[in-house]
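> Let's see this in three dimensions:
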Amino acid sequence: MFSFKGKGLVTLTGLTIGALAIVLMAFGNPKNMGMCIACFLRDIAGGLGLHSAAPVQYVRPEIIGIVLGAFVAAVVSKSFRSMGGSSALTRFVLGFIGMIGFLVFLGCPMRMLIRMSAGDLNAWVALPGFAAGIAAGIWFINRGFTLGRATRQSSAHGYIFPVLMGVLLLLLVAGFSGLRFSTEGPGSMQAPLLLALGAGLAVGALAQRARFCLVGPIRDLIMFRDPYLMFGMVGLFLAALVGNLIIGNFNLGFADQPIAHTDGLWNFLGMALAGLCFTLVAGCPLRQLVSAAEGNTDSAVTVLGVLVGAAFAHNFGLAASPAGVPPNGQFAVVAGFVVVLAIGFALSKVKVFAKERVTENA
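Numbering: from 1, shown residues only. Model prediction:
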């Protein structure tokens, strides 16, 4: 019997996100996207003038709604806790590098699933890369990797991130002249503000209550053989698949996919890098937004790292386009792996290897 708890709630959240992504596409959001946390944070970075890529500039109401919806749900359920002080700068760097991986693939795990549901085979190539990155992160976790323990803080610290999002909403609604708005490209493709905000509020509230995440399903399946969170991931995919079939947006193949490229190697590696980064920070971009809304200032710093990473990627020509991945972007992915692997080893109990070698020699 279906219950709005446990697996039922996780499944409902996935189904809702997948369905809302299709609705948002039908009302103006970019095709094969609907709702993409990485892409929308990239658009917000442009809307705030952090980068000058004119086609991707818009303060997306969906992101604001997710944060405010999760914040209200956390307060109402008395699960709001102001926490922080756990390797904030390292989390910023991991968020920054992970975003470069997403922009080389052109999407976060949410968009990867939505693209898969629309028949984009490039996203199916990226899925095993994402899983490989998560597996690499688990390898470090199993060897003692840790970013430390967050501690309780004054509630005032936890309120800052939701308040900032509220201020951003007021600026958007008021049409503040300092914000930038795309007149062409993905940033100009927008669902009506109230619909976008409402969808974000619903996703944020459900994701907060269900502890929804798109890194967690693969991580838990590998580490604990626990398929609990996978119900949400599968639900998102199935709802989006049905929705794409209904609106005639299913196109099976590699070529001619909206806002996508066909370079399989870099689709794989971009999502592998992102999967590794967001496994080490313990949650996908959606989970980081929700956690920040619940009062976790470390997650808020990770989100800021993602924003700055998006700005850096577009200002320095790292982000991919339908034409492919530029050389700068390819170099950035390789350099990102070097940095993240160095962080992984530095914060892990690497002496395990020496012990293993001694045992083998004996």
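> contacts and neighbour counts: CA atoms only from here.
OK.
> ok, the nearest residue to V281 once chain neighbours are set aside - contacts?
Residue nearest to V281 in three dimensions, not counting chain neighbours: R91, with 6.3 Å by C-alpha to C-alpha, 6 or more residues apart in numbering. Counting by C-alpha atoms under 8 Å, 6 or more residues apart in numbering, R91 touches 281, 298-299, 301-302, 305.
> Now render these as TSV, adding secondary structure and distance to R143.
Below are the contacts of R91 laid out as TSV (DSSP: H, G, I helix; E, B strand; the rest coil; distance: C-alpha to C-alpha, whole Å):
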residue	secondary structure	distance to R143
V281	coil	15
D298	helix	23
S299	helix	23
V301	helix	25
T302	helix	23
G305	helix	26
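> quick one: which of the residues you listed has the most company?
Ranked by neighbour count (other C-alpha atoms under 10 Å), the contacts of R91 have S299 at the top, with 30 neighbours.
> what helix or strand does the residue nearest to V281 sit in?
helix 88-105 (DSSP states H and E).
> from what I can see R115 touches A123, true?
Yes: in this structure, R115 is within contact of A123 by C-alpha atoms under 8 Å, at 6.0 Å.
> Give me the residue at the spatial middle of this protein.
P285 (2.8 Å; C-alpha atoms, centre = their mean).
> Against G107, how distant is it?
Computed as C-alpha to C-alpha, to the nearest Å, the P285 to G107 distance reads 11 Å.
> Between the two, which contacts overlap?
With C-alpha under 8 Å, 6+ apart as the test, P285 and G107 both reach 37-38.
> which among the contacts of R91 gets closest to G85?
D298 (6.7 Å; C-alpha to C-alpha).
> Surely that closest one and V93 touch.
No: in this structure, D298 is not within contact of V93 by C-alpha under 8 Å, at 11.9 Å.
> shared neighbours, these two?
Common neighbours of D298 and V93 (C-alpha under 8 Å, 6+ apart) do not exist.
> Now for F337: which residues touch it?
Counted by C-alpha under 8 Å, 6+ apart, F337 has contacts L273.
> Near D226, how many residues? Count them for me, please.
Neighbour tally, D226, other C-alpha under 10 Å: 14.
> Helix, strand, or coil at S177?
coil (DSSP: H, G, I helix; E, B strand; the rest coil).
> pLDDT score for it?
You'll see S177 listed with a pLDDT of 95.
> separation between it and L169?
14 Å.
> more crowded one of those two?
L169 (19 against 9).
> What residues of the helix or strand in which the more buried one is found count as buried?
L169 belongs to helix 155-174 when elements are defined using DSSP H and E. Buried residues in helix 155-174, counted by 16 or more other C-alpha atoms under 10 Å: 157-162, 165-166, 168-169, 172.
> That one packs against which elements?
Helices and strands touching helix 155-174, by 3 or more C-alpha pairs under 8 Å, 6 or more residues apart in numbering; DSSP states H and E, are helix 61-76, helix 285-293, helix 297-315.
> Just want the angle from it to helix 61-76.
140 degrees (axes from the mean of the first three to the mean of the last three C-alpha atoms, to 10 degrees).
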